[in-house]
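Novice: Sharing a model prediction with you, sequence too.
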There are 2 protein chains.
Amino acid sequence: MERHLFLFIPRDGDPAFVAPEMYDEQIREASWVDDLRLWADGEDPMELVAELADEMDLRGGRLLLDDTMWALFTQDLRETLPDATLSLASGVFDDLRMRKDEAELAALRKAGRLADEVSVEIRKLSEAAIGLTETELADEIDRRLAEGGGEDVSFETVVGSGPNGAMPHHRHGDRDIRRGDPVVLDFGAYVDHYPGDQTRTVVFAGDPSEEFEAVHEVVRDAQQAAVEAVEPGVPAEEIDRAAREVIEAAGYGDRFVHRTGHGVGLDVHEDPYIVEGNGLELEPGMVFSVEPGVYLPGEFGVRIEDLVAVTEDGCERLNDSPRTWEPL
Amino acid sequence: MERHLFLFIPRDGDPAFVAPEMYDEQIREASWVDDLRLWADGEDPMELVAELADEMDLRGGRLLLDDTMWALFTQDLRETLPDATLSLASGVFDDLRMRKDEAELAALRKAGRLADEVSVEIRKLSEAAIGLTETELADEIDRRLAEGGGEDVSFETVVGSGPNGAMPHHRHGDRDIRRGDPVVLDFGAYVDHYPGDQTRTVVFAGDPSEEFEAVHEVVRDAQQAAVEAVEPGVPAEEIDRAAREVIEAAGYGDRFVHRTGHGVGLDVHEDPYIVEGNGLELEPGMVFSVEPGVYLPGEFGVRIEDLVAVTEDGCERLNDSPRTWEPL
């Protein structure tokens, strides 16, 4: 929202909030930070920031900004602290966050199982899904994720039917699901603060085209090859290449228009990115998606995605519902 | 999301996108902009920005940033265009957006009616609401907003029961609604791209405390006084004062911890803000919320909110469902 709310975490000493007075009780409930500098509507929050900057000696310092901080707030920080150097906090935190500990892995496993369960339930709708709009099916997925213990969806649920599946980031719309339609289902929910993220491309009833069957097999093979390539010491880009080689060999290289995957943790997109040019060597505890896809504009799309956790000698899939397209 | 997507709108000439290749089809469907500079995963989007900056002569220019642009992107713009001056686009757009035209008012009226209808339906649950959790009731509100033609909720629906109502920005949780509980219901949905936003504080069944009844009357009187104060030429802060005077006179001044309102348009919070210190004179076509509240930590909160549109000689309420607390 548009009200200024900052948490300053100094290198040494105690952190402090500058926050709207109306959030007082909520912040005290949600945080152990004692030092709350509250401003009321009509007051200038940057006066509190200026005071804090003097106390914390920030005026000539280096501020690491949350990557998602709005320009509305960064512009005010620059004006109030013109001699500070501003850069991104991700430069420090990404490295800490990439390798998950056991508690994080346990949460990610739970989120993976929830996505698997809902995927299977939804696919069993079979004939009952025909005639539903994408949005109706997305609402049903969201309802089941919540019932199964999901805290919130990881991102807006994707139901891409027929040609809509060819737009990798289509969400859902009022197109109805038809017999023989390929349908991209990409969804997940947070469990214990960690997100699930799984994609299957399925047919609910009826017969899809031969080309769809062929492309689905290519994408499934590509996903399998990429998962098999995961082990400690392998550069992230090699996983991308493993998937891409299979798709290129089948003649669809120019239809695989995105990277193979992204890290998953407190954010649903974070390091490590599984992309050409990323030479970062995989380490045990890293968790990311493996999600090659082929998109034929105006026709259909196919994407198959699991989260995997790097282990000492390979990887563990955090999703394992059937990767086939046939009705369950 | 974390992929770089910029729309550059030059002062003269045609706008251009720098966008991820995977969004190609979606952007062409959603926009009339022809000039798309696409980057693939693994490529550097800032190279395209640098080229565009040369073509549009932006390097020494002034860039107006969307207020909500992430630091992740503003930092890259600063690095790529070190001699450009960056400031906020709201400095230009806010003034244009404050006065609504007839089409905008028509949409806001529809969104207001939808919020009113759902408010009445939900309050008629009466006994049936007792025992539901706040989250269950919020889901029911959201479902009815969607069924009634809402495109999306304006913000996460607020159901603040009992002491949760005393936290002005509590959303909803697993507390169940009890007999005699004051419940703050604050919600709305977009219709034709414009949001509804309405608050009522109600009791579904049973008898609330005498103090609640007294506070509810004070807040209702304060809201009425503020609405009556709205007319062209009056400074925004006068509307805040009109509400605050009533609450202060009743001895609850220090429990009214936020401004009286905010403008509503394409964003659910925008200019004009109805707050002490804002001397902006109201003009016909401005639309904002009038939402005084009193919050007693650990006990309950009361907030009553309507959107109003300034007319030639006063204002039009865009919400008009009963402002009483008694079960309908």
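Specialist: That came through fine. Numbers count the residues shown, from 1 in each chain, chains lettered A, B, ... in the order given.

Novice: Could you use CA atoms for every contact and neighbour count after this?
Specialist: Noted.

Novice: nearest residue to the most centrally placed residue in chain A other than its sequence neighbours?
Specialist: Compute the mean C-alpha point of chain A, and by CA atoms, centre = their mean the closest residue is residue A:268, 2.4 Å away. In space, and not counting its chain neighbours, residue A:268 is closest to residue A:195: 6.2 Å by CA to CA, 6 or more residues apart in numbering or on different chains.

Novice: same thing with residue A:216?
Specialist: residue A:302 (6.2 Å).

Novice: The one you found and chain B, how far apart?
Specialist: 14 Å (CA to the nearest CA, to the nearest Å).

Novice: Over to that residue: give its phi and psi.
Specialist: phi -130, psi 130 (degrees, to the nearest 10).

Novice: Likewise for residue A:262?
Specialist: Residue torsions, per degrees, to the nearest 10, at residue A:262 are phi -140, psi 150.

Novice: Next up, the contacts around it.
Specialist: A:269-274, A:288-290 (CA atoms under 8 Å, 6 or more residues apart in numbering or on different chains).

Novice: restrict those to contacts with chain B.
Specialist: Contacts with chain B are made by residue A:269 out of those, judged by CA under 8 Å from any CA of the partner chain.

Novice: Name the residues of the stretch 201-328 of chain A found near chain B, please.
Specialist: A:257-259, A:269, A:275-278, A:297.

Novice: about what we covered before: so the residue nearest to residue A:268 bridges to which residues?
Specialist: Beta bridges link residue A:195 to residue A:190, judged by DSSP bridges.

Novice: I'd like to know how far it sits from chain B.
Specialist: 15 Å.

Novice: right, and that residue touches residue A:263 too?
Specialist: No: counting by CA atoms under 8 Å, residue A:263 is not a contact partner of residue A:195; they are 11.0 Å apart.

Novice: Next SSE downstream of the helix or strand where residue A:221 lies?
Specialist: According to DSSP states H and E, residue A:221 maps onto helix A:210-229. Counting by DSSP H and E, the next helix or strand C-terminal to helix A:210-229 is helix A:236-249.

Novice: which parts of that following helix are buried?
Specialist: Across helix A:236-249, burial judged by 16 or more other CA atoms under 10 Å in any protein chain shown covers A:236-248.

Novice: Between those, which sits nearest chain B?
Specialist: Closest approach to chain B among the buried residues of helix A:236-249 (CA to the nearest CA): residue A:237, at 9.4 Å.

Novice: for the closest one, what are its contacts?
Specialist: A:274-280.

Novice: element containing residue A:111, please.
Specialist: Counting by DSSP H and E, residue A:111 is found in helix A:102-123.

Novice: what's the offset of that helix from the middle of its chain?
Specialist: The chain centroid and the centroid of helix A:102-123 are separated by 14 Å, computed with CA atoms, centre = their mean, to the nearest Å.

Novice: And that helix, what does it pack against?
Specialist: helix A:134-147, strand A:190-191, strand A:194-195, strand A:198-202 (3 or more CA pairs under 8 Å, 6 or more residues apart in numbering or on different chains; DSSP states H and E).

Novice: Pull out the buried positions in it.
Specialist: Buried, per 16+ other CA under 10 Å, within helix A:102-123: A:104-105, A:107-119, A:122-123.

Novice: Sort out which one of the contacts of residue A:262 lies nearest chain B for me.
Specialist: residue A:269 (7.4 Å).

Novice: Tell me, how many residues neighbour the closest one?
Specialist: 19 (other CA atoms under 10 Å in any protein chain shown).

Novice: Check the gap between it and residue A:302 for me.
Specialist: 20 Å (CA to CA, to the nearest Å).

Novice: quick one: residue A:228 from residue A:209, how far?
Specialist: With distances taken as CA to CA, residue A:228 is found 29 Å from residue A:209.

Novice: neighbour count winner among these two?
Specialist: Taking neighbours as other CA under 10 Å, residue A:228 and residue A:209 compare with residue A:228 leading, 14 against 10.
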